[in-house]
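Asks: when you get a sec, could you give me coordinates for this:
(chains A and B)
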There are 2 protein chains.
Amino acid sequence: MQRYKLTIAYDGSGFHGWQEQVAVQGPALRTVQGVMRQTLQRVLGQPIELTGASRTDTGVHARGQVAHFDADTPIPLSRLAKAINARLPDDVEVRQVEPVDRSFHAIRGAVDKQYRYRIWASQQRPLGLRHMVYHWWGPLELKPMQDAAARLIGEHDFAAFANAGHGRTSTVRRIFDCRVVTAQPPQVDLVVRGNGFLYNMVRIITGTLIEIGRGHWPPDRVDALLESGDRQQAGPTVPPNGLCLEWIEYQST
Amino acid sequence: MQRYKLTIAYDGSGFHGWQEQVAVQGPALRTVQGVMRQTLQRVLGQPIELTGASRTDTGVHARGQVAHFDADTPIPLSRLAKAINARLPDDVEVRQVEPVDRSFHAIRGAVDKQYRYRIWASQQRPLGLRHMVYHWWGPLELKPMQDAAARLIGEHDFAAFANAGHGRTSTVRRIFDCRVVTAQPPQVDLVVRGNGFLYNMVRIITGTLIEIGRGHWPPDRVDALLESGDRQQAGPTVPPNGLCLEWIEYQST
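Replies: Coordinates of the predicted model:
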């Protein structure tokens, strides 16, 4: 059996998140893991277990989700991605298939992940982009948002930026980079890189930065939040559709 | 009665085109004109007749569709657009409301229109943008496409670039500008401006330029097409979802 690493991109709008769910009654919910696993089984003609790095929520997108599976196949590597893509629907695709060592693990080996949250800051509606961005009607001051974002960089207890249900013992994470950028006006993007993320963490960080950008709170609110660990004092969890998992890096093996 | 000029933007994905259709049986098809006219009637509390400049097809988008209507309303002009938008669904919006002279006519007064056709030229899928672009998998040579596009500028008989059903007597139109641009790779956009367009004209021009860009035909095929007027010799009608009506200009009154 050969282990393969898959890099996967998807529009999350039509999926109930990444994780395959067992249908108790009625038809199974459409999930990225479910669609991908069934497609792999058809292409490879064998039962497949698929482990994804990140359990993205309903509506969340990915440019570089990573997953691994084990299989034996006569299909040459050069044709594998094409064979899989030919059977995938048009809202998901395999960007890369790589044979990896059996020690590779999509969840455990991840050392760095980048997310982007797209805020459409305009009086005008995003229209065709509405599934990809969060529409914020009011004005946003960038400087205070950038100031607040920088305060999140480093190793901190992010308990205030996690919703219940994360199921992790420690809420300490290391954020390598956290920036507010405006490459494509009227979009204001939060780009955040770290070694791990708590449940809804990027969405709560974004909700908090928006409160700061609208002048509701000063940038140093973030310091108080990191200190207190009190979720109630942070901003709201903004909607999933603005969020995209951009890439995941692994330790070199 | 005051005449008003509306500038309208929409994501065409969820509409059966611009034109309101009478339902012979079953529920009426959802059209931009239908949704807009009913919303205007609710906001203004009177029957409204709405005349749109361009009958965009199912799936075609607009940033600057123009329409006019007559009404008497106590709502101040400064609040009219907001009042209408508050009742519109999120895939359509009014960008501007202007009082105009009774001589203004959305169809008859138009002197210049710009369309953009977005080709997503990549092996990778457009995913979240798939409703806004036409996915072309193969390579495209830009130079021959640009050469061919330039040959369309000027006054010509565009009979070869029209599908049946246009119902116009003359097939002569003046194209002010026709360019192939690559502002946002991997997008290749055809931007075309003219005093009028025949049925499916931009989509057939795009289909023809793609045949040229893929090396199937030389750029001077376009000259032969203008000469012959033979639709059969032109490229295919590419799908509607890549097309966007960008703006319409009117003679100053």
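Asks: and stretch A:171-179, how far out from the chain's middle?
Replies: 14 Å (CA atoms, centre = their mean, to the nearest Å).
Asks: list the buried residues of it.
Replies: Judged by neighbour count using 16 or more other CB atoms under 10 Å in any protein chain shown, the buried positions of stretch A:171-179 are A:171, A:173, A:175, A:178. (Each C-beta comes from the backbone N, C-alpha and C, glycine too.)
Asks: closest one to chain B out of these, please.
Replies: Within the buried residues of stretch A:171-179, the smallest distance to chain B is 23.7 Å, found for A:Cys178 (CB to the nearest CB).
Asks: give me the sheet partners of the helix or strand that the closest one is a member of and which way each runs.
Replies: Per DSSP states H and E, A:Cys178 falls inside strand A:172-181. Next to strand A:172-181 in the sheet, as set by DSSP bridges, lie strand A:154-157 (antiparallel), strand A:187-194 (antiparallel).
Asks: how about A:Gln56: what's its closest non-neighbour residue?
Replies: Careful, residue A:56 is Thr and not Gln. A:Trp18 (4.6 Å; CB to CB, 6 or more residues apart in numbering or on different chains).
Asks: also A:Thr7?
Replies: A:Gln96 is the one closest to A:Thr7 (CB to CB, 6+ apart), at 4.0 Å.
Asks: ok, the one you found - contacts?
Replies: By CB atoms under 8 Å, 6 or more residues apart in numbering or on different chains, the contact set of A:Gln96 is A:5-7, A:81.
Asks: got a list of contacts for the helix or strand hosting A:Gln146?
Replies: Element membership of A:Gln146, judged by DSSP H and E, is helix A:142-150. Contacts to helix A:142-150, defined as CB under 8 Å, 6+ apart, come from residues A:178-180, A:182, A:188, A:190, A:192, A:208-210, A:212-213, A:215, A:218-222.
Asks: how far away from the center of its chain is it?
Replies: On CA atoms, centre = their mean, the centre of helix A:142-150 falls 22 Å from that of its chain.
Asks: repeat for stretch A:102-121
Replies: On CA atoms, centre = their mean, the centre of stretch A:102-121 falls 6 Å from the chain's centre.
Asks: is chain B contacted by it?
Replies: No: Stretch A:102-121 is not in contact with chain B by CB under 8 Å from any CB of the partner chain; minimum separation 10.3 Å.
Asks: check which residues of that stretch are buried.
Replies: A:104-106, A:109-110, A:112-121.
Asks: swap in stretch A:138-150?
Replies: A:140, A:144-149.
Asks: and what of stretch A:65-81?
Replies: Of all the residues in stretch A:65-81, those buried under the rule 16+ other CB under 10 Å are A:65-69, A:71, A:80-81.
Asks: mind listing residues that contact the strand holding A:Cys178?
Replies: By CB under 8 Å, 6+ apart, the list of residues contacting strand A:172-181 reads A:112, A:142, A:145-146, A:149-150, A:152-158, A:188-198, A:201, A:205, A:209.
Asks: just the buried ones from these?
Replies: A:112, A:145-146, A:149, A:152-153, A:156, A:158, A:188-194, A:196-198, A:201, A:205, A:209.
Asks: now do the strands in the stretch 1-150 of chain A.
Replies: With DSSP state E, counting those that start in this stretch, the ranges of strands along the stretch 1-150 of chain A come out as A:2-10, A:51-52, A:61-71, A:92-100, A:110-121, A:134-136.
Asks: now these in CSV, please, with extra columns for distance to B:Asp230 and mean pLDDT.
Replies: As requested, the strands of the stretch 1-150 of chain A are arranged in CSV below (distance: least, CB to CB, whole Å; pLDDT from 0 to 100):
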stretch, distance to B:Asp230, mean pLDDT
strand A:2-10, 42, 98
strand A:51-52, 53, 98
strand A:61-71, 44, 98
strand A:92-100, 39, 98
strand A:110-121, 45, 98
strand A:134-136, 47, 98
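Asks: rebuild the ones you listed as JSON lines, extending it with distance to B:Met132.
Replies: Shown next, in JSON lines, are the strands of the stretch 1-150 of chain A (distance: least, CB to CB, whole Å):
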{"stretch": "strand A:2-10", "distance to B:Met132": "17"}
{"stretch": "strand A:51-52", "distance to B:Met132": "28"}
{"stretch": "strand A:61-71", "distance to B:Met132": "15"}
{"stretch": "strand A:92-100", "distance to B:Met132": "17"}
{"stretch": "strand A:110-121", "distance to B:Met132": "15"}
{"stretch": "strand A:134-136", "distance to B:Met132": "17"}
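Asks: and chain A, which residues reach chain B?
Replies: Proximity of chain A to chain B, by CB under 8 Å from any CB, involves residues A:9-11, A:13, A:61, A:85, A:90-93, A:95, A:124-125, A:127-132.
Asks: how much space between the nearest residue to A:Leu198 once chain neighbours are set aside and A:Pro236?
Replies: Nearest residue to A:Leu198 in three dimensions, chain neighbours excluded: A:Ala162, at 3.5 Å (CB to CB, 6+ apart). To A:Pro236, A:Ala162 is 14 Å away according to CB to CB, to the nearest Å.
Asks: any stretches of chain A with poor pLDDT?
Replies: Applying pLDDT under 70 to chain A flags residues A:166-168, A:253.
Asks: tell me which residue of it is furthest from the middle?
Replies: In chain A, the residue that sits farthest from the middle, by CA atoms, centre = their mean, is A:Pro74; the gap is 32.9 Å.
Asks: please report phi then psi for it.
Replies: phi -80, psi -10 (degrees, to the nearest 10).
Asks: that one and chain B, how far apart?
Replies: Look at A:Pro74 and chain B: by CB to the nearest CB, to the nearest Å, they are 24 Å apart.
Asks: can you show me the helices along the stretch 151-253 of chain A?
Replies: Ranges of helices in the stretch 151-253 of chain A, per DSSP state H, counting those that start in this stretch, are A:201-213, A:221-228.
Asks: export those helices to JSON lines and append columns for distance to A:Val35.
Replies: Below are the helices of the stretch 151-253 of chain A laid out as JSON lines (distance: least, CB to CB, whole Å):
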{"stretch": "helix A:201-213", "distance to A:Val35": "24"}
{"stretch": "helix A:221-228", "distance to A:Val35": "37"}
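Asks: out of those, deepest packed?
Replies: Highest mean neighbour count among the helices of the stretch 151-253 of chain A (mean count of other CB atoms under 10 Å in any protein chain shown): helix A:201-213, with a mean of 25.
Asks: now do that one and strand A:187-194, the angle between them.
Replies: 130 degrees (axes from the mean of the first three to the mean of the last three CA atoms, to 10 degrees).
Asks: may I have helix A:201-213 exported as CSV, CA atoms only?
Replies: Extracted in CSV, the C-alpha atoms of helix A:201-213 (Å, rounded to 0.1, in the frame of the first residue of the first chain):
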residue,chain,number,x,y,z
MET,A,201,-11.0,31.0,15.9
VAL,A,202,-10.4,32.9,12.6
ARG,A,203,-14.1,33.9,12.4
ILE,A,204,-14.0,35.2,16.0
ILE,A,205,-10.8,37.1,15.4
THR,A,206,-12.4,38.7,12.3
GLY,A,207,-15.5,39.5,14.2
THR,A,208,-13.4,41.2,16.9
LEU,A,209,-11.3,43.1,14.3
ILE,A,210,-14.5,44.4,12.7
GLU,A,211,-15.7,45.8,16.0
ILE,A,212,-12.3,47.5,16.3
GLY,A,213,-12.4,48.7,12.7
